[in-house]
Structure formats: C-alpha cells, structure tokens
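*Asks:* heads up, no residue letters with this:
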C-alpha cells in the first residue's frame, strides 16, 4: 500500500476552496502522492486509497479485531465505509475543477465474512455520470484468495462550481 500522509488536525484538512481549485482526479492523485493529507477516518479504519483512474477508485484495507461486532466478525460498518469511499471517489475522479459531491445513498451486500487480518481491495467503478448525479458500483475482493466479500452501489449528488 502507498505510504499516505494522514491529516492529524482540522487545520491539516483541505478547505473546500482548495479542493475546488483542482479536478477530482488531481485532488485524489495528490492524496496518493502524499501532496495532500488523506482523511483521518481512513487511518482509523485501516484502509487507504491505492490507485485511481478516470471513473475507477481502488482502496486497500485490512480489517482488524478493533472492527469486530459482538459475534467476533467484521462489523458491517467497515464494509460500508470502504465501499462508500471507493464508490464515491470513483465519481470524484470525473469531477471538473470547481465541482464537489456528496453521497445521497448507498447499499451494500455482504456475501461472506472477511477473515480478520485479510487484505482486501475495494474497487469503485462509475456506471453513470450526469450533470446532477453519479452512480457507481463497488466490490470488495480478497487480494490473496480472489473471493468476493461484498458488493455495493451508490448515488452521489454533484454540486457544480
């Protein structure tokens, strides 16, 4: 995984004006390159943006014991957080300079439990990108075993400049 720099305070996060000064793809590439700080939530949940291209965002992560539910399996919120991140960032890669977005809704389907300590890749792929909304799909796949652990979809609202 790339060695990302994570924001440690609100002052280190990018302002909305700074984010709007570049395209979505430029901003996300800046996070991967260490030019801009990654969000602290990703550090807390042990996942990171790994690679991007137009319409696609890939995250990698490893669920650990701290993300377990009372039954000792990975909590559904961890699946949701990495899927929401990858699917929404896929849409962000298509944003023009000045535009921003936010998730309107997302849905996940957990198909099997991720064994603790298993590295997974979560890929978000844009299915539709319009003037006001974007839709993308996501999939969590084990890096070593190739198994699909969850899928999802999201709709984001696009707020032009």
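*Replies:* Here it is on my side, so go on. What you see is a predicted model; the values in this text were computed from it and never measured. Numbering: from 1, shown residues only.
*Asks:* I'd like the next helix or strand past the top helix by length along the chain.
*Replies:* Longest among the helix segments of the chain by residue count, using DSSP state H, is helix 76-92. Proceeding N to C from helix 76-92, the next assigned helix or strand is strand 100-110, under DSSP states H and E.
*Asks:* got the angle for that next one vs helix 76-92?
*Replies:* Between strand 100-110 and helix 76-92, the angle comes out at 140 degrees (axes from the mean of the first three to the mean of the last three Cα atoms, to 10 degrees).
*Asks:* Now strand 100-110: buried residues?
*Replies:* 100, 101, 106, 108, 110 (16 or more other Cβ atoms under 10 Å). Where you see a C-beta, it was placed from the backbone N, CA and C, and this is true even at glycine.
*Asks:* Can you give the strand pairings for that strand, parallel or anti for each?
*Replies:* Note on strand 100-110: by DSSP bridges, its sheet partners are strand 148-159 (antiparallel).
*Asks:* now the residue with the largest distance to the centre of the chain: how far from residue 120?
*Replies:* Distance from the C-alpha centroid of the chain peaks at residue 71, with 25.9 Å (Cα atoms, centre = their mean). Taking Cβ to Cβ, to the nearest Å as the measure, residue 71 falls 19 Å from residue 120.
*Asks:* what do you get for residue 87?
*Replies:* Per Cβ to Cβ, residue 87 is found 15 Å from residue 120.
*Asks:* Looking at those two, which one has more neighbours?
*Replies:* residue 87 (32 against 25; other Cβ atoms under 10 Å).
*Asks:* show me what contacts the more buried one?
*Replies:* 57, 106, 124, 136, 137, 138, 152, 153, 154 (Cβ atoms under 8 Å, 6 or more residues apart in numbering).
*Asks:* And for it, nearest residue in space, chain neighbours not counted?
*Replies:* residue 124 (3.8 Å; Cβ to Cβ, 6 or more residues apart in numbering).
*Asks:* pLDDT wise, what is the residue nearest the centre of the chain at?
*Replies:* Geometric centre of the chain, nearest residue: residue 85, 2.1 Å, by Cα atoms, centre = their mean. On pLDDT, residue 85 comes in at 97.
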